[in-house]
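# sequence-free structure coming up:
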């Protein structure tokens, strides 16, 4: 099961490689089935996309290109030209097409169409007003990038559970340790 805390599917897609700075990051896209599940769970498509191992490799390449562009934006650096080329080339392919049925909206797509839709979302986020809302989770072990749509733009974590809870619990424990190790006022 995949997590979707980031505010838009493309950022959740980038987050399918978790704990990027750890010695052993956690890869969530490990098989065609996991990629298909991510497409479906994200709401990008409504049914299976018949992914192949080569689609997983293409998805990971797109994810890493988008991450490189977002990291450059956050750092105020120039975009990597190879990452730009890959995102733009992928976005140039036909995207997923929603259809209206008697039951409501339905989206079916090939893996290529789903990836094109994600590349287009990346372009929209990085080139539009939401680009200024991009933040990286402040929990050191987490590397999720999210859109901070909070009032005042003061959100610090990708999600309260688990990141916010872990940071707050660690701060509480540190305060408790500091208060028990500090000499009391009455003892002075």
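Nice, thanks for sending it over. Only a predicted model underlies this, so the values are computations on that prediction, with no experimental measurement involved.

# I'd like the next helix or strand past the longest helix seen in the chain.
When the chain is parsed with DSSP state H, its longest helix is helix 53-75. Once helix 53-75 ends, the next helix or strand along the chain (criterion: DSSP states H and E) is helix 81-91.

# now the element after that next one, going C-ward?
strand 97-101.

# strand partners of that following strand, parallel vs antiparallel please.
strand 104-108 (antiparallel) (DSSP bridges).

# distance from the chain centre to whichever helix or strand comes after the partner strand, please.
Counting by DSSP H and E, the next helix or strand C-terminal to strand 104-108 is helix 111-127. Mean-position distance between helix 111-127 and its chain equals 13 Å (CA atoms, centre = their mean, to the nearest Å).

# what residues does the next helix or strand after helix 111-127 touch?
Sequence order places strand 134-136 as the next helix or strand after helix 111-127, per DSSP H and E. By CB atoms under 8 Å, 6 or more residues apart in numbering, the surrounding residues in contact with strand 134-136 are 11, 70, 73, 74, 125, 143, 144, 145, 146, 147, 148, 155. C-beta: built from backbone N, CA, C; applies to glycine.

# could I get the contacting residues of the closest residue to the last one other than its chain neighbours?
Right, residue 155. Of all residues not flanking residue 155 in the chain, residue 148 sits nearest, at 4.4 Å (CB to CB, 6 or more residues apart in numbering). Counting by CB under 8 Å, 6+ apart, residue 148 touches 133, 134, 135, 154, 155.
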